[in-house]
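[1] Provided below are the primary sequence and the corresponding predicted coordinates.
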Amino acid sequence: MTIMYNVKSKTAEEFISDAEIRETMQFAHEHCNDRNLIKQIIDKARSFKGLSHREAAVLLECDQPDLVDEMFALANEIKHRFYGNRIVMFAPLYLSNYCVNGCVYCPYHAKNKSIRRKKLTQEEIRSEVIALQDMGHKRLAIEAGEHPLQNPLEYILESIKTIYGIKHKNGAIRRVNVNIAATSVENYRKLRDAGIGTYILFQETYNKENYEALHPTGPKSNYAYHTEAMDRAMEGGIDDVGIGVLFGLETYRYDFVGLLMHAEHLEATYGVGPHTISVPRLCMADDIDTADFKNAVPDDVFYKIVAVIRIAVPYTGMIISTRESEKSRRRLLELGISQISGGSRTSVGGYVTPESEEENSAQFDVADHRTLDEVVGWLLDLDHIPSFCTACYREGRTGDRFMSLLKNGQIANCCLPNALLTLKEYLRDYASPAVREKGEAMIKRLLVTVPNEKARATAAKYLEAIDEGERDFRF
Ligand code: SAM
């Protein structure tokens, strides 16, 4: 029986249709040298309204250097149009690596006896969060393995409460994003009520057959339950959801199309696409060797993937983690990334007690080991504004309200001042002298470019107040 493709269906195999993905890949393959079609698609994308998965797949398949350069330039232009040169900063916080699943690419898998298992107590969470606040972070993504007994939802909810409650010096965590296993509508409602920012869940791969082989045991082995998680999250009232695939598990062509179909499904069904798209690539980890996986994505292809996603879904934030090296992060920032982590530790408790290799409890080996201050200084040198802003979500600008502001270009009037205000806080409270000097120069240079006169004057007043010790201003 053929399964019909239906973008608005709430059944995984209908909105992520294997047949539609395969036909799309075939179509893209057949048209990869069709310069006229490719130029037409690039021209269509210039109206900043995005592309269909089929059009995007054709661009991804194109290898003609001049056209690829055009795509890269357009991706950069779109990033600047919607996000300016702001880069939002965050850090992951690993709560627990206990896990009942059997994911073959993840060292948390239940059969792994060499990884040190650890779950943070609320007291330990306090210490980790204070360490993160002392670095200057305001936005976290909490991460946990799936373990109904060790990490039940109550533990996650209690941890969120602890995190929001910690006030240490001028520090505060103002937005907690959550990356935990697929769960029920009722649990998503509880997460929403706990005031989470984005609910993030990576699909890992959209290829059902491969998904089942990669997740042989545990609750995560249920493809439909996992793939329909964002529908349940929406039903539970979470309207900022973050999707992604783990590149390297499946052919990138298949997952690229699946990812865009998922975004189209959310937009078509709920009127709001994904808030963010993450593009992790598989890394070496405790008992995981990337050489055992045949679908590694080379850098040049990866750059094209990011650029074409940027072109296809212009309004969605794009996240890159410290799985990527400084070199590739630098390139990806020019191709559409709007959010990066800095100073990350992927081990449980790693911010207070960095681990030696032998006592590894980490989820993967990070490729960017710089401190947050080094990353902030580096961004300033590259003329990006490191932003610690969390204003939209705290002002209730989530879901379609956020998207419509962004689509109307309105967000630019409050985002730039918000970025400068939060950068200013960082510079006053946490930066090294050299970074402070560079950051102050950038603020001076950019304040005058805030388009709205009233907003500019208010921002100037707030900046002065920050110098006098006040905190947490926002537009
Ligand atoms: N346990 C949760 C779940 O079931 O989705 C999510 C949390 S997990 C801590 C976060 C993500 O790390 C996973 O969704 C996966 O994509 C990624 N990950 C797992 N193993 C990895 C590896 N070896 N290299 C890079 N990323 C990996």
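    Cool, the structure landed.
[2] how about the helices in the stretch 1-150 of the chain?
    Listed in chain order, the helices of the stretch 1-150 of the chain (DSSP state H, counting those that start in this stretch) span residues 12-15, 18-30, 35-45, 53-61, 65-83, 122-135.
[3] nearest to L266, out of those helices?
    Between L266 and those, the shortest separation by Cβ to Cβ is 9.1 Å, and it involves helix 12-15. Bear in mind the C-beta positions are built from the backbone N, C-alpha and C, glycine included.
[4] the bottom helix or strand of the protein by mean pLDDT?
    In the chain, no helix or strand scores lower on mean pLDDT, DSSP states H and E than helix 399-407, which sits at a mean of 79.
[5] now the next helix or strand after that helix - C-alpha only, CSV.
    Counting by DSSP states H and E, the next helix or strand C-terminal to helix 399-407 is helix 411-429. Extracted C-alpha coordinates of helix 411-429, given in CSV (Å, rounded to 0.1, in the frame of the first residue of the first chain):
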residue,chain,number,x,y,z
ILE,A,411,11.9,42.8,15.0
ALA,A,412,15.0,44.8,13.7
ASN,A,413,13.9,47.8,15.7
CYS,A,414,14.0,46.1,19.1
CYS,A,415,16.5,43.4,18.4
LEU,A,416,19.5,45.6,17.8
PRO,A,417,19.0,47.6,21.0
ASN,A,418,18.3,44.4,23.0
ALA,A,419,21.5,42.9,21.7
LEU,A,420,23.5,45.9,22.6
LEU,A,421,22.0,46.1,26.1
THR,A,422,22.7,42.5,26.9
LEU,A,423,26.2,42.8,25.4
LYS,A,424,26.8,45.8,27.6
GLU,A,425,25.8,43.7,30.7
TYR,A,426,28.2,41.0,29.6
LEU,A,427,31.0,43.5,29.2
ARG,A,428,30.4,45.2,32.6
ASP,A,429,30.0,42.0,34.5
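[6] and helix 411-429, average pLDDT?
    Average pLDDT, helix 411-429: 92.
[7] counting by contacts, list what that helix packs against.
    In terms of contacts (3 or more Cβ pairs under 8 Å, 6 or more residues apart in numbering; DSSP states H and E), helix 411-429 is packed against strand 86-96, strand 385-387, helix 391-394, helix 433-447, helix 453-467.
[8] could those go into CSV alongside mean neighbour count?
    Output for these, formatted as CSV (neighbours: other Cβ atoms under 10 Å):
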stretch, mean neighbour count
strand 86-96, 25
strand 385-387, 26
helix 391-394, 20
helix 433-447, 15
helix 453-467, 15
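[9] closest to H168 out of the ones you listed?
    Across the helices and strands packed on helix 411-429, H168 has its closest neighbour in strand 86-96 (14.8 Å, Cβ to Cβ).
[10] pretty sure V450 contacts T458?
    No: at 9.2 Å, V450 and T458 do not qualify as touching, with contact defined as Cβ atoms under 8 Å.
[11] which neighbours do those two share?
    With contacts defined as Cβ atoms under 8 Å, 6 or more residues apart in numbering, the residues adjacent to both V450 and T458 are P417.
[12] list the contacts for K79?
    Neighbouring residues of K79 by Cβ under 8 Å, 6+ apart: 310, 335-338.
[13] great, nothing more from me.
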